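Asker: Test case, fold it:
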Amino acid sequence: MNTILAIDPGYDRCGVAIVKAGRPSELIASFCIETNKKDTHEKRLLQVYKEVAAYIEQYTPTHIALETLFFSVNKKTAIKVAEARGVIVLIAGQHNLPLIELSPQEVKLAMAGVGNADKKQVQKMVELTLKIDISNKIDDEIDAIALGFAAAETLRIAKLY
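Answerer: So this is what the prediction gives:
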């Protein structure tokens, strides 16, 4: 059985979800890595590295799902998010974990049936599909859950489970 560590990358907050791929797929756990705004960027990236590495050790995933970078108007933020994403790609390589990279549109399509769904529609589908209360979860965490389920569907279509 494939287990996916899905990560919505960031340096301020990283959404993380562990999804067991199957019919139906199952949410094992979800978290939000939050770094201290007062720390240097290097320390924040190191914290992301350490926490993701700890989740790999704890949950022994078979794949890492990562959202492709969405280029925002704020280039400074986009670069910092890209650096956090690079840390996660490095961890995947170190642990020999295949990477499933999905665009935000692919995640929206998998969860809501349309690639231009808004954030609220995707969140509602996460809530309905998983039958969980998401009111106590941070947006980044919900995004990681959606990513994890979209990645599980990608594996199913590829007949990898």
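Asker: Please point out which parts of the least confident helix or strand in the chain by mean pLDDT sit buried.
Answerer: Lowest by mean pLDDT, DSSP states H and E among the helices and strands of the chain is helix 119-130, with a mean of 80. The neighbour-count check on helix 119-130 (16 or more other CB atoms under 10 Å) flags Val122, Gln123, Met125, Val126, Glu127, Thr129, Leu130 as buried. For the C-beta atoms, the positions are set from N, CA and C on the backbone; glycine is no exception.
Asker: tell me the angle of the helix or strand that that helix is followed by relative to helix 119-130?
Answerer: As assigned by DSSP states H and E, the chain's next helix or strand after helix 119-130 is helix 139-157. Angle of helix 139-157 versus helix 119-130, following axes from the mean of the first three to the mean of the last three CA atoms, to 10 degrees, is 60 degrees.
Asker: chain center to helix 139-157, what's the gap?
Answerer: Centroid separation for helix 139-157 versus its chain: 7 Å, with CA atoms, centre = their mean, to the nearest Å.
Asker: got it, and stretch 95-111?
Answerer: In terms of CA atoms, centre = their mean, the centre of stretch 95-111 is found 8 Å from the chain centre.
Asker: Next, the distance between the ends of it.
Answerer: Using CA to CA, to the nearest Å, one end of stretch 95-111 lies 28 Å from the other.
Asker: I'd like to know how many residues surround Val19.
Answerer: Neighbour count of Val19, defined by other CB atoms under 10 Å: 29.
Asker: just to revisit the earlier point, ok, residues contacting the least confident helix or strand of the chain?
Answerer: With CB atoms under 8 Å, 6 or more residues apart in numbering as the test, helix 119-130 has contacts from 27, 107-108, 111-112, 114, 117, 132-134, 139, 142-143, 145-146, 149.
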